[in-house]
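> Let's see this in three dimensions:
(one chain, ligands or ions: 1)
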Amino acid sequence: MKNVVLITVDCLRADHMGCYGYHRKTTPFIDSIAERSLFFENAFANGPNTRHSVPSFLTSTYPLLFLDEAKAGRFHEGRKSMAELLKEHGYSTAAIHSNPYISKFYGYDRGFDYFNDFLLGQVEDEIERSKISKILHEAAKGIKAVFMHKLPHEDGERINEEAIKWLENANEPFFLWLHYMDVHMPYVPPNRFLEELGLRKYSHIRKIWMGKKIDDVEMREKIRDEEVPDYINLYDGCIRYTDWVLQSLIRKIEKNFPETLFVITADHGEEFREHGGLGHEEKLYDELLHIPLIFYGKDVESSRMEKPVSLLNIVPTIFHFLGLQRNEWMQGKNVFEVTEEYIIAEAWKGERITAYRDSEWKLIISGDKKELYNLRDDPKEQQNLYEREEHKEKCREFEKIINNHVEMLEEERKRRMTWLQKEKIRKAMRRMRG
Ligand SMILES: [Zn+2]
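Here you go, the predicted structure:
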């Protein structure tokens, strides 16, 4: 195995996919390859949204290891990313996506020979915005959405097109990262995919209007609970569309580059009012953390794994399949070596939020607020058992794991400060000598 294609679908929660037991046939293609894959039933994001989550699968580090960068949303320095490491091993590297949070602007192009985040269009948009009044700009956006079917992101077909174009001249071995935005709000799937799911059609105007409401933070809160099933229909239609897009991409690459490892996953899930919200805020419930994880390729032995793994394990596992040594600083192991029976997820929202999760229990700590859920009896995490006397000891045990985790991050941070200072001195010395 030599080439790697990492496919990440923004906002794709595992429980809305056929291979994870969903009642709608949203992912017939992924289901078909899942049977011939290394398939993880219990894979989790280490953070609940793009900026908290992506660093964990590009550098195998916890989202809050580099706290200052995490708060600012910048891609941290001081740990090489998968692209940089593979480049050192002679790989050609490319990334194609249209999510501004992981754009060049925030430093995510590091290590990629080719990095297309479609940012140029957005910069032009900004210039346009400064020239004309905001109202006019909004109107223009609306017109684009209604008449030109223009979405705030590039659609999956466009991502595929750019990927295929890059692959035509790519040297092997290559590492290609594709991040798809189709499942992200405003959820505007072509009706054809809703019909395939046996769902009603929605007029384009209605889809755009629903999308506008959910995209806008203030309007989002006013969406009534009765409207949520319509949003779920559209979300599922978007998943069906993405599955179709991935089928076309993977079939093409497999044919031309049989020696390719595919990794399919998501940066986080999506909430549909399970805990009062819509979208993906800084919360650590399963609708946001439980994601798909599939390794697929010619030399991957198919098996279903139950053990809990997280996005931290992706780089080390890819390295394992390529026969490369995992760097010692990586905070995840390859999936075959994982022995911990729990994962840790975290986010920053004015304060640190941390979750411990094993196959039966979840403890979430945010400041003074503590929540304990029994995931077997209460998979929707509705009944907080933290105050119950009979769980006191358990809580102490999980809290200790969380505290150790936070201490570990703090120690790493100090070590890194020393390293950065030494680097600075080294650079200054070199300048003096030079
Ligand atoms: Zn995301």
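> For the rest of this, base every contact and every neighbour count on C-alpha atoms.
OK.
> number of nearby residues for whichever residue of the stretch 251-400 of the chain sits closest to the ion?
In the stretch 251-400 of the chain, the residue that lies nearest the ion is D267 (5.4 Å; Cα to the ion). Other residues lying near D267 total 31 when counted by other Cα atoms under 10 Å.
> Surely it touches R13?
No: shown here, D267 and R13 do not form a contact pair, counting by Cα atoms under 8 Å, at 9.2 Å.
> who touches both of these two?
Between them, D267 and R13 share the neighbouring residues I291, with contact defined by Cα atoms under 8 Å, 6 or more residues apart in numbering.
> Please determine how far L284 is located from A345.
The span separating L284 from A345 equals 7 Å under the rule Cα to Cα, to the nearest Å.
> And K222, by the same measure?
29 Å.
> the more surrounded of these two?
A345 (27 against 10).
> ok, now which ones touch R13?
With contacts taken as Cα under 8 Å, 6+ apart, R13 has the following neighbours: 266, 268-270, 287-292.
> ok, G21 - how many residues close by?
Per other Cα under 10 Å, the neighbour tally for G21 reads 11.
> E393 too?
When counting by other Cα under 10 Å, one arrives at 10 neighbours for E393.
> Check the one 3 residues further on too.
When neighbours are counted by other Cα under 10 Å, R396 registers 11.
> That one sits in which helix or strand?
helix 392-433 (DSSP states H and E).
> In terms of pLDDT, where does H149 sit?
Per-residue pLDDT puts H149 at 60.
> next one: E161
Looking at E161, its pLDDT stands at 97.
> residue boundaries of the helices in the stretch 151-300 of the chain?
156-168, 191-196, 204-215, 217-222, 228-256, 286-289 (DSSP state H, counting those that start in this stretch).
> circling back to that earlier point, from the contact counts, what lies against the helix holding R396?
For helix 392-433, the helices and strands in contact under the criterion 3 or more Cα pairs under 8 Å, 6 or more residues apart in numbering; DSSP states H and E are strand 352-358, strand 361-366.
> What parts of the protein come near the ion?
Of all the residues in the chain, those in contact range of the ion (Cα under 5 Å from the ion) are 10, 49-50.
> any chance of these in JSON lines, plus pLDDT, neighbour count and secondary structure?
What follows is the residues of the chain next to the ion, written out as JSON lines (pLDDT from 0 to 100; neighbours: other Cα atoms under 10 Å; DSSP: H, G, I helix; E, B strand; the rest coil):
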{"residue": "D10", "pLDDT": "98", "neighbour count": "22", "secondary structure": "coil"}
{"residue": "N49", "pLDDT": "95", "neighbour count": "24", "secondary structure": "coil"}
{"residue": "T50", "pLDDT": "95", "neighbour count": "21", "secondary structure": "helix"}
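> just to revisit the earlier point, most packed of the helices of the stretch 151-300 of the chain?
The highest average neighbour count among those, using mean count of other Cα atoms under 10 Å, belongs to helix 286-289 at a mean of 28.
> What lies in contact with that one?
Residues outside helix 286-289 that contact it (Cα under 8 Å, 6+ apart) are 13, 44-48, 268-271, 274, 280, 345, 380.
> switch to 6 Å and redo it
When contacts are taken as Cα atoms under 6 Å, 6 or more residues apart in numbering, the neighbours of helix 286-289 outside the stretch itself are 44-45, 48, 268-271.
> try stretch 218-229
Applying Cα under 6 Å, 6+ apart, the external contacts of stretch 218-229 come out as 213-214.
> I'd like the C-alpha coordinates of that stretch written as PDB, please.
Once non-C-alpha atoms are left out, stretch 218-229 reads as follows in PDB (Å, rounded to 0.1, in the frame of the first residue of the first chain):
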ATOM      1  CA  GLU A 218     -30.500  34.200  15.900                       C
ATOM      2  CA  MET A 219     -33.000  32.700  13.500                       C
ATOM      3  CA  ARG A 220     -31.800  29.300  14.400                       C
ATOM      4  CA  GLU A 221     -33.000  29.600  18.000                       C
ATOM      5  CA  LYS A 222     -36.500  30.400  16.800                       C
ATOM      6  CA  ILE A 223     -36.900  27.200  14.700                       C
ATOM      7  CA  ARG A 224     -39.800  25.300  16.300                       C
ATOM      8  CA  ASP A 225     -39.300  21.700  17.300                       C
ATOM      9  CA  GLU A 226     -42.000  20.700  14.800                       C
ATOM     10  CA  GLU A 227     -39.700  21.900  12.000                       C
ATOM     11  CA  VAL A 228     -36.700  19.800  13.100                       C
ATOM     12  CA  PRO A 229     -37.900  16.600  11.300                       C
END
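> so how far is W361 from Y187?
As it turns out, when the distance is counted by Cα to Cα, Y187 lies 32 Å from W361.
> These two: which is more packed in?
Y187 (26 against 20).
> And the closest residue to the ion within the stretch 51-200 of the chain, its phi and psi?
Distances from the stretch 51-200 of the chain to the ion, computed as Cα to the ion, single out R51 as the nearest residue at 7.2 Å. The main-chain torsion angles of R51 are listed as degrees, to the nearest 10 and equal phi -70, psi -30.
> Now the residue of the chain found nearest the ion: closest residue in space, sequence neighbours ignored.
Scanning the chain for the residue nearest the ion gives T50, at 3.5 Å (criterion: Cα to the ion). Among residues not flanking T50 along the chain, D267 sits closest, at 6.0 Å (Cα to Cα, 6 or more residues apart in numbering).
> Distance of the residue of the stretch 251-400 of the chain closest to the ion relative to C19?
Note on D267: its distance to C19, by Cα to Cα, is 18 Å.
> so where is the stretch 301-434 of the chain shaky, pLDDT-wise?
In the prediction, the stretch 301-434 of the chain carries residues with pLDDT under 70 at positions 434.
> again, only using 80
420, 434 (pLDDT under 80).
> residues touching the residue of the stretch 51-200 of the chain closest to the ion, list them.
Contacts for R51 (Cα under 6 Å, 6+ apart) come out as G73.
> switch to 8 Å and redo it
Contact criterion Cα under 8 Å, 6+ apart gives 70, 73, 101-102 as the residues in contact with R51.
> residues near the residue lying closest to E410 once chain neighbours are set aside, how many?
Ranked by Cα to Cα, 6+ apart and with sequence neighbours excluded, the top spatial neighbour of E410 is L65, at 7.7 Å. Using other Cα under 10 Å, L65 has 21 neighbouring residues.
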